[in-house]
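Asks: what shape does this take:
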Amino acid sequence: MRLLTPVLIGAVAAVSLSACSSAGEFDETGGVRITRSACPAVAVPTYTGDITLFNPPASRDARAIDVTATITNLKSTCSGPTDPITTNATFDVQARRATAGPARDVVLPYFATVMRGGTVVVSKQVQQVTLRFAEGQLRASAVGTAGASVKAAAATLPADILEKVTRRRKPTDADASIDPMNDPATRAAVARASFELLVGFQMTEDQLRYNATR
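Replies: Numbering: from 1, shown residues only. Just a heads-up that it's a prediction; the model follows:
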């Protein structure tokens with residue numbers, strides 16, 4: 001089962017530079033301050049945040065839907081500024097089965113992938129979350145966890161790039177209206193130092209296609 005299909009790479013590209021705030025903040029002098037965090041950003045890639053199980057498995061008829069589940073309430077904490085920099089994430093999985101019946105456990109696999117610059121896979125783990133439907137109940141929930149650890153040096157921008165990105169700019173400055181990220185060298189340096197922890201259901205190509213085309 002391949003995870004990083006073209007559709008997923010496109011989905012995570014927008015996350016790759018999320019460690020920088022492009023909008024910036026106004027400081028006490030009236031200038032604009034752009035902030036950056038070395039902590040890995042945390043996100044659920046498009047099309048991987050929900051999954052549908054069918055009975056029979058090969059069917060895609062709405063009447064054959066057995067269980068649906070969704071990843072929600074994704075939260076993270078970061079150790080920063082330690083070395084290595086560690087991000088821990090938790091999330092809820094909310095599920096519903098089509099028919100209330102006997103007590104039943106449904107085990108769903110999910111991935112936790114650390115990416116660099118939005119395109120390079122640093123590591124990947126596949127874990128499982130167990131949903132326990134009580135007898136006669138249609139709904140079940142569970143909690144999943146994921147983590148990422150990156151070297152501080154790898155997530156730290158070179159001093160000249162950091163100065164360019166975070167320097168306070170006042171409206172009267174000549175480059176006040178110029179986004180430093182428009183410079184290809186700056187953009188590439190920020191991408192190399194940007195890490196993401198991506199969490200989603202581990203799906204087959206067929207399941208991913210179903211989510212993308214339904």
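Asks: list the contacts for Val106?
Replies: Val106 makes contacts with Leu53, Val67, Ala69, Ala95, Arg97, Thr130, Leu131, Phe133, Ala140, as judged by C-beta atoms under 8 Å, 6 or more residues apart in numbering. Yep, even glycine has a C-beta here, placed from its N, CA and C like the rest.
Asks: in three-state terms, how would the third one be classified?
Replies: The three-state label given to Ala69 by DSSP: H, G, I helix; E, B strand; the rest coil is strand.
Asks: what pLDDT does the model give it?
Replies: Looking at Ala69, its pLDDT is 98.
Asks: ok, Ala69 touching Gly200?
Replies: No. Judged on C-beta atoms under 8 Å, Ala69 makes no contact with Gly200 at a distance of 11.5 Å.
Asks: and the residue nearest the centre of the protein?
Replies: Geometric centre of the chain, nearest residue: Ala43, 1.9 Å, by C-alpha atoms, centre = their mean.
Asks: and that one, what are its bridge partners?
Replies: Leu198 (DSSP bridges).
Asks: in this structure it contacts Leu198, no?
Replies: Yes. Taking C-beta under 8 Å as the definition, Ala43 is a contact partner of Leu198 at 5.9 Å.
Asks: closest one to Val165 out of the contacts of Val106, please.
Replies: Nearest to Val165, judged by C-beta to C-beta, of the contacts of Val106 is Ala69 at 39.2 Å.
Asks: where's that closest one relative to Thr99, distance?
Replies: Distance of Ala69 to Thr99, computed by C-beta to C-beta, to the nearest Å: 16 Å.
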